[in-house]
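Trainee: here's my sequence, what's the structure:
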Amino acid sequence: MKTAVDVVVIGAGIQGLSAAYHLAKMGMKQVCVVEKAHIGAGSSGRSASMLMKQLDYESNIRLALVDFEHYLHFQEETGVDPEFKRIGFLGLFPESVKEQGLEAAHLRQRLGVQTEIWPPDEIKKRLPFIHVDDVVFGVYGHEDGMIDAHAIMQGYAAAARRLGVEINQGVQAVGIDVHADRVAAVNTTAGRISTRWVVNAAGADAIEVGQWVGLRLPISNRRRNIYMTHEFPHIPADSPMVEDMGMEWYYRREGPGVLIGMGKEESSDASDVMNADFLPQTIDFAIHRVPILAEASILRGWSGIRPLTPDSRPIIGPVEGVEGFVNSCGWGGEGVMHAPSGGQLVAEYITTGTTTPLALTPFLLSRFSPRV
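Mentor: Here you go, the predicted model:
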């Protein structure tokens, strides 16, 4: 492992790998990634992995517009197919969230995102197996679809290595040295790495990394539980992903079965083991929203962490008082989707001090109270 580099990226999830790749692509010669486990060991490897324009905030929608362009050319750039499959996305809005849903839908339409608002009878006509008696309307976007997070991470990792990036797996960052209000080194379980730049792309561990330089990151780690059914042909393979926006419950077809996600429990631990305690609640709502799912059986399950900020926007960019420390965290379950734009923003700031075509301002930590 190198002992002196230009940039140390903490975390080999999808955001960390994208940042490392974009840094090297933009000419940064000495870049290394330190990862306590292995590539994609955190929530990036457990994501439901959608690429979507049907988002709620202008800043995140603008990120998505950049991400779509990147992913459409990802194979040309990295040699790896991101396996984008355009299936569409349908959000269901009960009375409790109808105002927010309409506001977001109209915002997307003003930004040029193709967004359709469906009354309940239109939803029932197109997807007759969905219970809509308590749904006020649905919002549909036909451009959205699935992507493969594992393929994307391997694509970024391989492309970064070809450009000279060192990816150290099984090496845990344990502290950051700061001299005269500037980053000086990252301390790891394999030794000290001198550097002038550190990227905090540590996912659920980003809060701790921030504390090493005296920052309070306003992130709440929330667990989303995901379950996969056995083969279930009763929901057509060409069905869109469907999410109940009041319960934050969703399903989509995944191979021969159905993938179902739900939950917002406070936790810092992702898991490859099914959360059996939360399963009954998930099943109850699944049967309410899609009654035919009563005939499905659960094959397996896992969980991932959604690091959520108070305003549902990620924290990207530099911080006041610690020169050389750059955040890329708080992605709230959208880290896979926004990997291209997140990595590009970080790399552009470090290499040039400016960002294009997106501004960092909506994502800076300074919008909160950052100091401990």
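Trainee: could you use CA atoms for every contact and neighbour count after this?
Mentor: Fine.
Trainee: look up phi and psi at the residue of the chain positioned farthest from its centre.
Mentor: No residue in the chain sits farther from the centre than A180, which is 33.8 Å out by C-alpha atoms, centre = their mean. With angles defined as degrees, to the nearest 10, A180 sits at phi 50, psi 50.
Trainee: pLDDT score for it?
Mentor: Note on A180: pLDDT of 97.
Trainee: all strands of the stretch 151-300 of the chain, in order?
Mentor: 166-169, 173-179, 182-188, 191-194, 197-200, 220-229, 241-244, 249-254, 257-266, 298-308 (DSSP state E, counting those that start in this stretch).
Trainee: just to revisit the earlier point, can you tell me how far the residue farthest from the centre of the chain sits from A294?
Mentor: Distance, A180 to A294, by C-alpha to C-alpha, to the nearest Å: 62 Å.
Trainee: repeat that for N168.
Mentor: Distance, N168 to A294, using C-alpha to C-alpha: 46 Å.
Trainee: neighbour count for these two, which is higher?
Mentor: Taking neighbours as other C-alpha atoms under 10 Å, N168 and A294 compare with N168 leading, 21 against 12.
Trainee: spatially nearest residue to that one (excluding sequence neighbours)?
Mentor: V34 (4.9 Å; C-alpha to C-alpha, 6 or more residues apart in numbering).
Trainee: and S312, by the same measure?
Mentor: In space, S312 is closest to G332, 6.8 Å off (C-alpha to C-alpha, 6+ apart).
Trainee: how many neighbours does the one you found have?
Mentor: Residues near G332, counting by other C-alpha under 10 Å: 19.
Trainee: secondary structure class for it?
Mentor: Classification of G332 using DSSP: H, G, I helix; E, B strand; the rest coil returns coil.
Trainee: okay, it: pLDDT?
Mentor: G332 is given a pLDDT of 94.
Trainee: wait, what's in contact with it?
Mentor: R306, P307, L308, T309, S312, R313, P314 (C-alpha atoms under 8 Å, 6 or more residues apart in numbering).
Trainee: repeat for E323
Mentor: Contacts of E323 by C-alpha under 8 Å, 6+ apart are D181, R182, V183.
Trainee: identify the bridge partners of it.
Mentor: Beta-bridge partners of E323, counted by DSSP bridges, are R182.
Trainee: measure it to I123 for me?
Mentor: For E323, the distance to I123 equals 52 Å [C-alpha to C-alpha].
Trainee: check K25 too.
Mentor: Remark: distance between K25 and I123 (C-alpha to C-alpha) = 45 Å.
Trainee: what do you get for R110?
Mentor: From R110 to I123 the distance is 23 Å (C-alpha to C-alpha).
Trainee: so the two - more neighbours on which side?
Mentor: Using other C-alpha under 10 Å as the criterion, R110 and I123 rank with I123 on top: 22 against 11.
Trainee: what's the closest non-adjacent residue to the more buried one?
Mentor: Residue nearest to I123 in three dimensions, not counting chain neighbours: G138, with 7.0 Å by C-alpha to C-alpha, 6+ apart.
Trainee: tell me the contacts of D244?
Mentor: When contacts are counted by C-alpha under 8 Å, 6+ apart, D244 touches G91, L92, F93, P94, Y250.
Trainee: what's across from it in the sheet?
Mentor: D244 has these beta-bridge partners by DSSP bridges: L92, W249.
Trainee: now swap in E116 and tell me
Mentor: Legend: beta-bridge partners of E116 under DSSP bridges are Y140.
Trainee: what's around it, how many residues?
Mentor: As a burial measure, E116 scores 15 neighbours (other C-alpha under 10 Å).
Trainee: what's it in contact with, if anything?
Mentor: E116 neighbours (C-alpha under 8 Å, 6+ apart): V139, Y140, G141.
Trainee: closest one of the contacts of G332 to G203?
Mentor: P307 (7.1 Å; C-alpha to C-alpha).
Trainee: burial measure for the closest one, as a count.
Mentor: 29.
Trainee: okay, it and D269: tell me how far apart.
Mentor: P307 is 11 Å from D269, where distance means C-alpha to C-alpha.
Trainee: list residues touching both of those two?
Mentor: A204.
Trainee: low-confidence ranges, the stretch 101-250 of the chain, go.
Mentor: Judged against pLDDT under 70, the stretch 101-250 of the chain has no low-scoring part.
Trainee: show me the helices in this structure, by range?
Mentor: All helices of the chain, identified by DSSP state H, fall at 14-25, 58-72, 74-78, 98-110, 120-126, 149-162, 206-211, 279-289, 339-352.
Trainee: would you reformat those helices as JSON lines and include distance to P240?
Mentor: Shown next, in JSON lines, are those (distance: least, C-alpha to C-alpha, whole Å):
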{"stretch": "helix 14-25", "distance to P240": "25"}
{"stretch": "helix 58-72", "distance to P240": "18"}
{"stretch": "helix 74-78", "distance to P240": "23"}
{"stretch": "helix 98-110", "distance to P240": "17"}
{"stretch": "helix 120-126", "distance to P240": "10"}
{"stretch": "helix 149-162", "distance to P240": "19"}
{"stretch": "helix 206-211", "distance to P240": "33"}
{"stretch": "helix 279-289", "distance to P240": "15"}
{"stretch": "helix 339-352", "distance to P240": "23"}
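Trainee: of all those, which lies closest to N221?
Mentor: Of all the helices of the chain, it is helix 206-211 that lies closest to N221, at 9.3 Å by C-alpha to C-alpha.
Trainee: now for the closest residue to A37 other than its chain neighbours, how many residues are close by?
Mentor: Excluding its sequence neighbours, the residue lying closest to A37 (C-alpha to C-alpha, 6+ apart) is G170, at 4.6 Å. Residues lying near G170 (other C-alpha under 10 Å) number 14.
Trainee: contact partners for G170?
Mentor: By C-alpha under 8 Å, 6+ apart, the neighbours of G170 are V34, E35, K36, A37, H38.
Trainee: I appreciate the help and will end here.
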